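A.B. asks: Take this sequence and fold it.
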Amino acid sequence: MTGGLKDCETDEEFLHSPFIRKQGNIYKPNNKDMDNDSMSGMKTMQDVHTKEIDLVNRDPKHINDDVVKVDFEDVIAEPAGTYSFDGVWKASFTTFTVTKYWCYRLLTALVGIPLALVWGIFFAILSFIHIWAVVPCVKSYLIEIHCVSRVYSICVHTFCDPLFEAMGKCFSSIRISTTKGV
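C.D. replies: Sure, this is the predicted structure:
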């Protein structure tokens, strides 16, 4: 129902060819007549807000490869010797696949945009806090701890080094030997 081929499938396995979208971008279609960049030959800076959207490969970084690939065979299986009628099996497969497909589409239509808004706000706040609070605090801490480390180093070299050097000289003449008792 998703319109793509699996890794081991070919076009001959389908009764009719699956739907494959030729143009993957709704904002800048692959139309040479409309493409101003190829006509002018000038390089322009690309704005991050006009990033092209790929409608064919919607998971280019493969973040959902092992999570949501659930097919009919992964959920419903009949062991040998307990088969239902062929018509019931085919109808069950079609019902499962179509229901999963349209429920997902309905849920994304109803909840997808509000959740995209929520996640956009969340990551904007997270970026804001990281840029304007976390990094300056860490830099400030590193600057302040550098001053403290210098004072600490001076104190250690002034007070502890002579003490431990004297203790080392005192204890350097001590020899320990072990003997076996009878």
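
A.B. asks: separation between the spatially most central residue of the chain and Trp132?
C.D. replies: What sits nearest the mean C-alpha location of the chain, by C-alpha atoms, centre = their mean, is Ile63, with 5.5 Å. Distance, Ile63 to Trp132, using C-beta to C-beta, to the nearest Å: 28 Å. Every C-beta, even on glycine, is put in place using the N, C-alpha and C of the backbone.

A.B. asks: do Cys103 as well
C.D. replies: Taken as C-beta to C-beta, the span from Cys103 to Trp132 is 41 Å.

A.B. asks: What are the phi and psi values at the residue nearest to the centre of the chain?
C.D. replies: phi -80, psi -20 (degrees, to the nearest 10).

A.B. asks: gap between it and Lys139?
C.D. replies: From Ile63 to Lys139 the distance is 31 Å (C-beta to C-beta).

A.B. asks: Please apply the same query to Ser92.
C.D. replies: From Ser92 to Lys139 the distance is 61 Å (C-beta to C-beta).

A.B. asks: These two: which has the busier surroundings?
C.D. replies: Neighbours per residue (other C-beta atoms under 10 Å) separate Ser92 from Lys139, with Ser92 holding more: 14 against 10.

A.B. asks: Tell me if I'm right that the more buried one and Ala77 touch.
C.D. replies: No. Using C-beta atoms under 8 Å, Ser92 is not in contact with Ala77; the gap is 11.2 Å.

A.B. asks: show me where pLDDT drops low in this structure?
C.D. replies: When residues are selected by pLDDT under 70, those of the chain lie in 1-50, 182.

A.B. asks: Kindly recompute the last result at 90.
C.D. replies: By pLDDT under 90, the low-scoring segments of the chain are 1-84, 147, 173-182.

A.B. asks: count of neighbours near Trp89?
C.D. replies: Trp89 has 14 nearby residues by other C-beta under 10 Å.

A.B. asks: Number the residues from 7 up from this point.
C.D. replies: Happy to do that; since the first residue is 7 now, the last one works out to Trp95.

A.B. asks: In which helix or strand does it reside?
C.D. replies: helix 92-113 (DSSP states H and E).

A.B. asks: contact partners of that helix?
C.D. replies: Helix 92-113 has contacts (C-beta atoms under 8 Å, 6 or more residues apart in numbering) with 7-8, 76-78, 81-82, 84, 89-90.

A.B. asks: Taking the residues you listed, tell me the two that lie furthest apart.
C.D. replies: Greatest spacing in these, by C-beta to C-beta: Thr8 and Tyr89 (27.3 Å).

A.B. asks: SS state for Glu58?
C.D. replies: coil (DSSP: H, G, I helix; E, B strand; the rest coil).

A.B. asks: That one and Val76, how far apart?
C.D. replies: 30 Å.
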